[in-house]
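Asks: Here's a sequence, model it:
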Amino acid sequence: MEVLKLTSTIDSSGQLRLDIPTALSSGNVDIVLILNPTASKVSATPTYDFSDLVGRLNWQGDAVAMQRTLRDEW
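Replies: Residues are numbered from 1 along each chain as shown. Okay, the predicted model is just below:
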């Protein structure tokens, strides 16, 4: 048994042509073909700029101790 993965192109008429050399001996074979469209290589541009929401918290004290205190309240 051989597992082959390759990328090919479907022409404008919808035909997919495969010519795959194998190391198998001549005879009947079972073929399983899964067609999965590949993503185009267009770079994704962000749809929203989140920079106005970015901030920084200046914490005074021990953050881990505060987390434990809040968790113990449950």
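
Asks: Helices of this protein, start to end?
Replies: Counting by DSSP state H, one finds helices in the chain at the ranges 63-72.

Asks: can you tell me which residues contact the most centrally placed residue in the chain?
Replies: With distances taken as C-alpha atoms, centre = their mean, Ala39 lies nearest the centre of the chain, 9.7 Å away. Under the criterion of C-beta atoms under 8 Å, 6 or more residues apart in numbering, Ala39 has no neighbours. In this view, the C-beta of every residue, glycine as well, is placed from N, C-alpha and C.

Asks: low-confidence ranges in the protein?
Replies: 1, 40-44, 46 (pLDDT under 70).

Asks: at 80 what do you get?
Replies: 1-9, 33-59, 74 (pLDDT under 80).

Asks: In contact with Ser51: list those residues for me.
Replies: So Ser51 contacts nothing (C-beta under 8 Å, 6+ apart).

Asks: how close does it get to Val29?
Replies: Using C-beta to C-beta, to the nearest Å, Ser51 is found at 56 Å from Val29.

Asks: and Leu4, how many neighbours does it have?
Replies: 7 (other C-beta atoms under 10 Å).

Asks: Just want the phi and psi numbers for it.
Replies: When quoted as degrees, to the nearest 10, the phi and psi of Leu4 stand at phi -120, psi 140.

Asks: That one against Leu18, yeah?
Replies: No: the criterion here is C-beta atoms under 8 Å, and Leu4 misses it with Leu18 at 9.7 Å.

Asks: Can you get me a residue count around Leu70?
Replies: Neighbours of Leu70 (other C-beta under 10 Å): 9.

Asks: can you tell me how far it sits from Asn58?
Replies: The spacing between Leu70 and Asn58, counted by C-beta to C-beta, is 19 Å.

Asks: Look up the closest residue to Thr22, ignoring the ones flanking it.
Replies: In space, and not counting its chain neighbours, Thr22 is closest to Glu2: 5.9 Å by C-beta to C-beta, 6 or more residues apart in numbering.

Asks: what residues are up against that neighbour?
Replies: Contacts of Glu2 (C-beta under 8 Å, 6+ apart): Thr22, Ala23, Leu24.
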